[in-house]
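Engineer: can't give you the sequence, but here's the structure:
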C-alpha cells in the first residue's frame, strides 16, 4: 500500500448524535470537507443547527472570526444516502454502541466507498476485528475513539485491528494531529486502554457504596487527590443511563450487584445532570452538583437488600482501592501489548479521564510509590477482598528486578 493512497481530505460521518456532531466539528475545523449522514433526516437537520450555533458561540467568545465560522459550516454537507459518500477518503461511524448495527453500517460503507477509503468506528469498547471482518478491506479498518465532547476533548485513541495496515495508522495519526488531538495507538480489546482501566476503577467505586461509603464521600476522596471529578459526578455528566441501556440491549450484566444502585437510579428516571437528578441533584440551569440525602437512603437500602454489612470507609481506603485498580489493570494492558508504553497509558489518563496532571498519570504515580510497595499493597487487598486483587505478573517481575513501568517496552 502506498502512503499517498491515504491522503485524507474528504471525510464522512455516520450519525448525528452528540458524538457525531463533535466529530463533524473536529473535521471541519481542521479544514476537511465533511459529508454527514443519519437515517433520521430530522435529527440531522437539528444537529446542523447545533453545530452552527456552536460556531456562532465561538465567534461571540472571540475564539474564531465570523469568516472562519462561515467557512467551517460551508464544509459540512448533509447527505441522504450512502451513494453520496462514494468519493470520501475516510468514513467515521458514530452511532449507538451495538455491534450488529455497526456491522450493518460497515457493510454499506464497504460496498459504496472507493477502494482506498479508510473505514473507522468511534466505538468506545467494541471489537474492531469483528467490525472489520464484515468488510473486504480489513487492513483499512480501525477505531477512532473520540472523547465527548469530541470538538473540545484532546484525546484520540486510535485502535489498530489485527490486520490494520501501518500506512492507514500513519494517515489517521496525521489526521489526528491536524485536528489538534493528542493521539495514542491502542490494541484491540474490550474497552481498549482508557475504558478497560476505567471499568476496574468504577467497579471498586460502586463496591465501596455497597460496603459502606456514599457517592459524595467517594467523589470527595478522589477529587481531593486531584481528579477533575469523582466517578459518580462523572456518571452524572455523561449520563447514568448510557451503560444501563447498553446492558438492557445486550441482555446481560443487569444482575451484577455492583450496578444495582445505578439500576435503581435509572428506574426512577435519575439519569444524571441532563435530568437534573442523578447521584446528585441540580438546580434548573445549573451544573452545580448538590448532595442529595435521598440517594444516600437509596444506597443504604440497596446494600442492605444485597446482604452487605455496612462499615465506615475512610478516604484512604477509597483512594487505595480506586487507584490500585487502575494501576493493576494498566500493568495487564502493558504486558499484553495493548499499550506500547506506560507513558501512553498515562497520556490517555491525563488527557481523557481527568487524572491529576502533577502525578504524571497512574503508571507514573505507581512508579513514584515504588513497584515493590505497589505489589505489597495489592497482596494486602487480595487477602482482604479476594483473588481479583492479585498483582499483575508484570508488577511482580518489575518489583523483583527493581525496575519501574517506565523501563518496560513491549517486545516486537
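Structural biologist: Here it is on my side, so go on. Just so you know, these numbers come straight off a predicted model, no measurement behind them.

Engineer: can you count the residues close to the closest residue to residue 64 other than its chain neighbours?
Structural biologist: Residue nearest to residue 64 in three dimensions, not counting chain neighbours: residue 58, with 4.9 Å by CB to CB, 6 or more residues apart in numbering. Quick note: C-beta positions are derived from backbone N, CA and C, even for glycine. Per other CB atoms under 10 Å, the neighbour tally for residue 58 reads 18.

Engineer: any idea how far residue 58 lies from residue 393?
Structural biologist: For residue 58, the distance to residue 393 equals 48 Å [CB to CB, to the nearest Å].

Engineer: swap in residue 356?
Structural biologist: Here residue 356 is placed at a distance of 28 Å from residue 393 (CB to CB).

Engineer: Looking at these two, which is more packed in?
Structural biologist: A count of neighbours by other CB under 10 Å puts residue 356 above the other of residue 356 and residue 393, at 17 against 11.

Engineer: where are the low-confidence patches of this protein?
Structural biologist: Residue ranges of the chain with pLDDT under 70: 1-4, 410-412.

Engineer: any idea which helix or strand carries residue 324?
Structural biologist: Assigned by DSSP states H and E, residue 324 belongs to helix 315-335.

Engineer: Now do that helix: which elements does it pack against?
Structural biologist: Here helix 315-335 touches helix 194-211, helix 215-225, helix 342-352, helix 362-369, helix 371-385, helix 393-401, going by 3 or more CB pairs under 8 Å, 6 or more residues apart in numbering; DSSP states H and E.

Engineer: closest to residue 29 out of these?
Structural biologist: helix 342-352 (18.1 Å; CB to CB).

Engineer: who touches that closest one?
Structural biologist: 147, 153-155, 157, 182, 184-186, 193-194, 197, 326, 330, 333-334, 339, 355, 357, 360-364, 367, 404-406, 408 (CB atoms under 8 Å, 6 or more residues apart in numbering).

Engineer: and if you look at stretch 305-320?
Structural biologist: By CB under 8 Å, 6+ apart, stretch 305-320 touches 205, 208, 210-213, 217-218, 220-222, 224-225, 257, 260, 300, 303-304, 377, 381.

Engineer: Check which residues of that stretch are buried.
Structural biologist: 308, 313, 317-318, 320 (16 or more other CB atoms under 10 Å).

Engineer: before we move on, what about stretch 216-235?
Structural biologist: For stretch 216-235, the neighbour count (16+ other CB under 10 Å) marks 216-222, 225, 227, 229-235 as buried.
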